[in-house]
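Novice: next come a sequence and a model predicted from it.
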Amino acid sequence: MKRPVIIVLIGIVVAAGIFFAVQTFIKPGKIGDIESLVPSEAIYYIYSYQLGQKIEDFCNSDFFLKISNLSFYQEYLQPSIDKKEKLYKNLSQVYNSDSALAVFSPGIVAPSGGIEPMIEPGKFMLLVRMDTKKNIKKTIGDLYLLLNEKEDVSYSTYKGIKITHYQIPLDKSKFPFPDLKISYAVLGDILVSSNTDELLKQSIDLFNKSSTDSLLNDEVYKKISGKYADKKKDSFFWTFINYKRYTEKFLAQVDDMFIDQAQNEKMRDFIESFIDVSAGIISYLGYDSSKSGFVGESYQLYDKSKDDHGLLEISSSKGSKNDLTAVIPPQFFVYFGCSGNISGYWNYFSKLMMSSEEIKQSAMGDSMYAADKQPSFSKTIKSLETYLGLSIEKDVMPLLGNDFSFVISDLEEVSLAPKSGQINPMQLFPTPMPTLSLLFETKDQSSAEKLKSLIIEKVTQLSPSQPESEPFLSIAEDSYAGVNLSVISIKELPFHPVCFVLNDKCIISSTTDHAKKIIDTSKQSSNSLENNLDFSFDPNKILKGSAATLIVKFADLIDAIAQTKIVNFAKPSVALFSQGKVTTNDIDDIIDILDDISIIAQANDITADGTGSGLFYIGIEGL
């Protein structure tokens, strides 16, 4: 039995519960917030209002209709969907109100006998608000018949509340854990179901007011749940995660995975060093205001007392934007930028990786670890520093400022065929090569010049000595618009990387043309990335005051790739190798759908007071 089938069966059981509740003339009282019935032990809580209607609206959008009109969708997916059309429709009607999923354990178990840890369904609870104004007898009837052949139902009561139990057998060849037991009870106008009786009884206690230990009263939840309260009903999903409780539950399971106590302690320290800092997060995902894309925001609460490594201070942009965006041309495909303590990032990352390796060494033993040929972080860095003759921590990090950016742009088709010697026919075929640029903010212009000199010096050292008249690598000095350029020529490469300095910025670009575009942009910042972003909301939410930012101009990237010779050459080949199952028209249709995804953007920041914010946006035409 596959996981979607399990989910459908769970849905049927819950729907059947609603049916029986209505059939026995229950006159439920109105429950206010569903969270009042959720035990406070929840580590994940996902709420949705009228999810069935929202899914139906999305399926009726022009964007989804394009997907559903794809030939392979029609041939391979549509028949299965058509068979279950009535099922999906009925479930949509049943769940077209308040519904929520609460998860109470990570779902990782470590079986005895030295078997690798496996994933199984964690402890969960599903809550659905019933609509007693509708006659749902016929709606439920068809659903319930699906369980008749393997019906295994029993009943019990707890504090006067009837509980119905269903046993759902699982295919042990696919799911090597016990059969799924789902129990449900009707509490007011909410049907509550769970795979453990313990959680269901806790929910009944909350309903009967014999307990107040609900998610609604949880301290972390109360502190942050109001942040996006106005988005709760409009969004697809409104989510709360209690990281502190998650860490506690996860570490409790980690304790059972390790026999060696020393190894266990190292693992605990490793996890706690970066997970336990976060107390909780609230987030939502829904349409943007103009319904031209999906937008999601998150708000995090951190526990500064647990921040032994100063990660919050390191990761905070302190409200300042990344100044490098003012010199980056707006014509790009991918942009990544971070603002914060770059040296601090490096030191923290180094400690994190070293901790990970200590855990590995503890697990393998000293002799096996020493003989291990697989590359590791410390070995790789040590080899690199020996090869370059420098210390990253001592020679590079002191020069750097707070901002770093990475840009991919300008897809150019070039031939990688050597000028002499034997040529592989495929080397004659134009290869798409994107332009790559790295931008470093440094302490000041003097530091930028030092970093540039260090880069050029080490690049020169890497050049192998050759007896031929033409050197493998050469560096020529040039200038453009008053800026000195160090142009690197590498034998057989059709492009020339450039390293140059703009005030306190040291920049490396893989092509001279893009280096010149950056210089031109620096002299006219109104034509830069920061002033030329097309969002359906304020782009400053992405760029201003973000510790980490990612922007992908997805449609532009797809257009550029689709126009390359190698893609057009590959289309008939794909049709041939698929024996006609995928045609060139299919590929064009897929490209057309991908082209409707205009932009993907994400930004995160941390403030000094111990809170964080995040924003995710994906622009889609035809929603």
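Specialist: On my side now, so go ahead.
Novice: now do Ser105 against Lys123, distance only.
Specialist: Distance, Ser105 to Lys123, using CB to CB, to the nearest Å: 5 Å. All C-beta spots, glycine's among them, are computed from the backbone N, C-alpha and C.
Novice: repeat for Leu301
Specialist: From Leu301 across to Lys123, the span is 24 Å (CB to CB).
Novice: one more: Tyr49?
Specialist: With distances taken as CB to CB, Tyr49 is found 24 Å from Lys123.
Novice: contacting residues around Tyr221?
Specialist: Contact analysis of Tyr221 by CB atoms under 8 Å, 6 or more residues apart in numbering lists 35, 40, 45, 215, 240, 242, 280.
Novice: what pLDDT does it get?
Specialist: pLDDT recorded at Tyr221 is 92.
Novice: also Lys86?
Specialist: pLDDT at Lys86 comes out at 65.
Novice: just the buried residues of the lengthiest strand in the chain, please?
Specialist: If you go by DSSP state E, the chain has its longest strand at strand 400-414. For strand 400-414, burial by neighbour count (16 or more other CB atoms under 10 Å) applies to 400-405, 407-412.
Novice: columns pLDDT on top of those residues, output as CSV?
Specialist: Converted to CSV, the buried residues of strand 400-414 look like this (pLDDT from 0 to 100):
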residue, pLDDT
Leu400, 90
Gly401, 89
Asn402, 86
Asp403, 88
Phe404, 89
Ser405, 92
Val407, 95
Ile408, 94
Ser409, 91
Asp410, 86
Leu411, 86
Glu412, 85
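Novice: check the gap between Ser156 and Lys517 for me.
Specialist: According to CB to CB, Ser156 stands 72 Å off from Lys517.
Novice: also Thr247?
Specialist: Counting by CB to CB - Thr247 and Lys517 are separated by 46 Å.
Novice: lowest-pLDDT helix or strand in the protein?
Specialist: helix 137-145 (a mean of 45; mean pLDDT, DSSP states H and E).
Novice: now for Asp307, how many residues are close by?
Specialist: When neighbours are defined as other CB atoms under 10 Å, Asp307 has 18 of them.
Novice: just the strands in the stretch 151-300 of the chain please.
Specialist: 153-158, 161-168, 180-187, 190-194, 237-241, 278-287, 293-302 (DSSP state E, counting those that start in this stretch).
Novice: neighbouring strands - and their directions - for the first one?
Specialist: Pairing partners of strand 153-158, with direction, according to DSSP bridges: strand 161-168 (antiparallel).
Novice: same thing with the fifth one?
Specialist: Strand pairing for strand 237-241, determined by DSSP bridges: strand 44-49 (antiparallel), strand 278-287 (antiparallel).
Novice: next: the last one.
Specialist: For strand 293-302, the paired strands and their directions (DSSP bridges) read strand 278-287 (antiparallel), strand 611-620 (antiparallel).
Novice: repeat that for the third one.
Specialist: For strand 180-187, the paired strands and their directions (DSSP bridges) are strand 161-168 (antiparallel), strand 190-194 (antiparallel).
Novice: pull out the buried positions in that strand.
Specialist: For strand 180-187, a neighbour-count test (16+ other CB under 10 Å) marks 180, 182-187 as buried.
Novice: likewise the second one?
Specialist: Of the residues in strand 161-168, those buried under the neighbour-count criterion (16+ other CB under 10 Å) are 161, 163-166, 168.
Novice: please apply the same query to the first one.
Specialist: Applying a neighbour-count criterion of 16+ other CB under 10 Å, strand 153-158 contains no buried positions.
Novice: any idea of the mean pLDDT in stretch 579-594?
Specialist: Taken as a whole, stretch 579-594 has a mean pLDDT of 85.
Novice: which residues touch that stretch?
Specialist: When contacts are defined by CB under 8 Å, 6+ apart, stretch 579-594 is touched by residues 63, 66-67, 69-72, 554-555, 558, 562, 571-572, 574-575.
Novice: of those residues, buried ones?
Specialist: Buried members of those, scored by 16+ other CB under 10 Å, are 66, 70, 554-555, 558, 562, 571, 575.
Novice: dump those residues to a markdown table, plus pLDDT.
Specialist: Shown next, in a markdown table, are these (pLDDT from 0 to 100):
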| residue | pLDDT |
| --- | --- |
| Lys66 | 91 |
| Leu70 | 86 |
| Phe554 | 93 |
| Ala555 | 93 |
| Ile558 | 93 |
| Ala562 | 90 |
| Lys571 | 82 |
| Ala575 | 74 |
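Novice: so which of those belong to helices?
Specialist: Among these, the ones falling in helices (DSSP state H) are 66, 554-555, 558, 562, 571, 575.
Novice: for the residues you listed, which one is nearest Ser317?
Specialist: Checking these against Ser317 with CB to CB, the nearest one is Phe554 at 25.0 Å.
Novice: doesn't Tyr617 make contact with the closest one?
Specialist: No. Look at Phe554 against Tyr617 with CB atoms under 8 Å: they stay out of range, at 11.4 Å.
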